[in-house]
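1. Model the following, please.
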Amino acid sequence: MKPMTPTAHSRIVWCIGIGGSLLFSAAIASAESSPAFTLGPKVTADRKVRSVVGPSVRIDDRGRVSLAWVEEEKETRTVLYSRLEKVDGPVGEVVRVNGSGEVPYSRQEAPALAVSGDDVLMTWAVTHPKVTPDKPFSNDLRLSRSTDGGKTFQPSVLVNDDQQVIGHSFDSIHVAPDGAVHIAWVDGREGKKESGTFATRSTDQGRTVDKNLKVDENTCVCCRTAMTSGPDGTLYVAWRKILPGDLRETVVARSTDGGATYSAPVIVGHDRWVFPGCPHRPASLGTDRQGRLYVAWYTEGSDETPSIYLAYSDDKGETFSPKQKLNLSKGTFPDHPQMAVDQEGRVILVWEEQSPVRREVVVSVSLDRGQSFSLPQKINDKKGQTPSVSVNAQGLAVLAWMEHAMPAHRLVVQTLQLPGMNVVARQ
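-> Predicted coordinates:
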């Protein structure tokens, strides 16, 4: 991988409070340090609760930004949603998603989130009503749906159809070009030592779901699935598979019939990572208008070096390019990569970099369909974690993450402008 040549233009960074008021602005001009993108408004929302999981983020083609997360306060957990009507904020009304008696399962992932017009769709795990001390990780997977842009949510729908007191979580959700809603997750219903990857779809905007389909077995139990689809409708799902000898490999399967069947999984990076446990680190997927499939993932490989890689496929996931290492910083631990790809094949990748004294969120961009990347740039102010990223059809990206801002947790949203666009913060 070669670093992208920096551009020689200034960038302006705004910081905007939760009420939308301008707190400060600073112009930074450096031909040596300016990357091939411009960071726009930074919007924050402080949540004075015990803990926050997330957020997930999506930006629609009108520039509206959706957020989903889970909060815990005084032993009560709540699934929440909010929307920014403009990219420079403010964060809108916070809406409760889970119904009475639905207790969100305590886990590391935010709700999976998809937006299609005014339809907002979320999947999240609920603690199984028959959970027992010998099965403490048992949960059901729920699908929540809003038809009014997230102002209200209808009663949730049960996704898994097995009725077993086991785990159904680490889910992903995706709306295909034909409007079908696809869901994938990790499922222990077969009672084997290792869980399997399962999927389903909804052809009525999330009102109901089809019969569950087993995609594969021997799935790493706590690495979240990921989904995307190409311009021709080919559907892709990624997960971490366990191979003989405790090898943990990121794999991708595809469906060419709208999710009715899936191909056998294909190994992406051939990392040869031996790890007798679950890393809790998912892959991320994206496609461009030419059908190139991009995969970003975490591995420690055969040499046990924590690394973030990207590879792509031009034959619908049958084969993959040589993997490119993206993290460059020495003495830090790269973690939780998330990726978004626009129609032109411009790739925005965000991840954490940890050290004994700091926890940073960094972003790197490719403008040439994954051939080269800008130098990773730090974007958080305080201790940041769990970044998420989304990009719309116009190429406007949005980043979101959480910061610890005592005595509160802070949700942070920031736009990222790719070259050739003209996005101006409104005050």
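
2. which ones are touching the closest residue to Lys48 other than its chain neighbours?
-> In space, and not counting its chain neighbours, Lys48 is closest to Ala408: 4.5 Å by Cβ to Cβ, 6 or more residues apart in numbering. C-beta: built from backbone N, CA, C; applies to glycine. Under the criterion of Cβ atoms under 8 Å, 6 or more residues apart in numbering, the contact partners of Ala408 comprise 46-49.

3. repeat that for 7 Å
-> 46-48 (Cβ atoms under 7 Å, 6 or more residues apart in numbering).

4. just Asp210 next, same as before
-> Neighbours of Asp210 in contact, by Cβ under 7 Å, 6+ apart: 200-201.

5. if we can go back for a sec, specify the beta-bridge partners of the residue nearest to Lys48.
-> Here Ala408 sits in beta bridges with Ala405, as judged by DSSP bridges.

6. By neighbours, which of the contacts of Ala408 wins?
-> When the contacts of Ala408 are compared by neighbour count (other Cβ atoms under 10 Å), Arg47 ends up highest, at 18 neighbours.

7. Would you confirm that it contacts Glu72?
-> No: in terms of Cβ atoms under 7 Å, Arg47 does not count as a neighbour of Glu72; the distance is 10.5 Å.

8. can I get the contacts of Ala408 in JSON lines with secondary structure, pLDDT and distance to Gly63?
-> Compiled in JSON lines, the contacts of Ala408 are given as follows (DSSP: H, G, I helix; E, B strand; the rest coil; pLDDT from 0 to 100; distance: Cβ to Cβ, whole Å):
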{"residue": "Asp46", "secondary structure": "strand", "pLDDT": "95", "distance to Gly63": "24"}
{"residue": "Arg47", "secondary structure": "strand", "pLDDT": "95", "distance to Gly63": "24"}
{"residue": "Lys48", "secondary structure": "coil", "pLDDT": "94", "distance to Gly63": "29"}
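
9. out of these, who's nearest Val215?
-> Using Cβ to Cβ, Arg47 is the member of these that lies nearest Val215, at 35.5 Å.

10. hmm, back to that, nearest to Thr415, out of the contacts of Ala408: which one, please.
-> Sorting the contacts of Ala408 by distance to Thr415 puts Asp46 at the head of the list, at 19.9 Å, by Cβ to Cβ.

11. what about that closest one, distance to Thr132?
-> Taken as Cβ to Cβ, to the nearest Å, the spacing of Asp46 relative to Thr132 amounts to 38 Å.

12. in the stretch 51-200 of the chain, which ranges drop under the pLDDT threshold?
-> Low-confidence regions of the stretch 51-200 of the chain, defined here as pLDDT under 70, cover residues 107.

13. could you redo the last one with a cut-off of 80?
-> Across the stretch 51-200 of the chain, the ranges flagged by pLDDT under 80 are 106-108, 132, 134, 136.

14. strands paired with the helix or strand hosting Lys42, and their directions?
-> When elements are assigned from DSSP states H and E, Lys42 belongs to strand 38-47. In the sheet containing strand 38-47, its partner strands are strand 11-16 (parallel), strand 408-417 (antiparallel), by DSSP bridges.

15. Now do the longest one: distance to the chain's middle.
-> How far strand 408-417 lies from its chain's middle: 15 Å, per Cα atoms, centre = their mean, to the nearest Å.

16. then that strand to CSV, C-alphas only?
-> As requested, the backbone C-alpha atoms of strand 408-417 are provided in CSV (Å, rounded to 0.1, in the frame of the first residue of the first chain):
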residue,chain,number,x,y,z
ALA,A,408,-21.2,12.0,30.8
HIS,A,409,-20.8,10.0,27.7
ARG,A,410,-20.6,12.1,24.5
LEU,A,411,-22.0,11.1,21.1
VAL,A,412,-20.0,12.8,18.4
VAL,A,413,-21.0,13.2,14.7
GLN,A,414,-18.8,14.7,12.0
THR,A,415,-19.2,15.0,8.3
LEU,A,416,-16.4,14.2,5.8
GLN,A,417,-16.3,16.0,2.5
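
17. looking at the strands paired with strand 38-47, which has the lowest confidence?
-> Of all those, the segment with the smallest mean pLDDT is strand 11-16, scoring a mean of 33.

18. Stretch 91-105 spans what distance, first to last residue?
-> 25 Å (Cα to Cα, to the nearest Å).

19. I meant to write stretch 92-102 there.
-> Comparing the first residue of stretch 92-102 with its last one, the separation is 24 Å (Cα to Cα).

20. Check which helices and strands the host helix or strand of Tyr81 sits against.
-> Under DSSP H and E, the secondary-structure element containing Tyr81 is strand 76-84. With contacts defined as 3 or more Cβ pairs under 7 Å, 6 or more residues apart in numbering; DSSP states H and E, the secondary structure elements packing on strand 76-84 are strand 65-73, strand 95-96.
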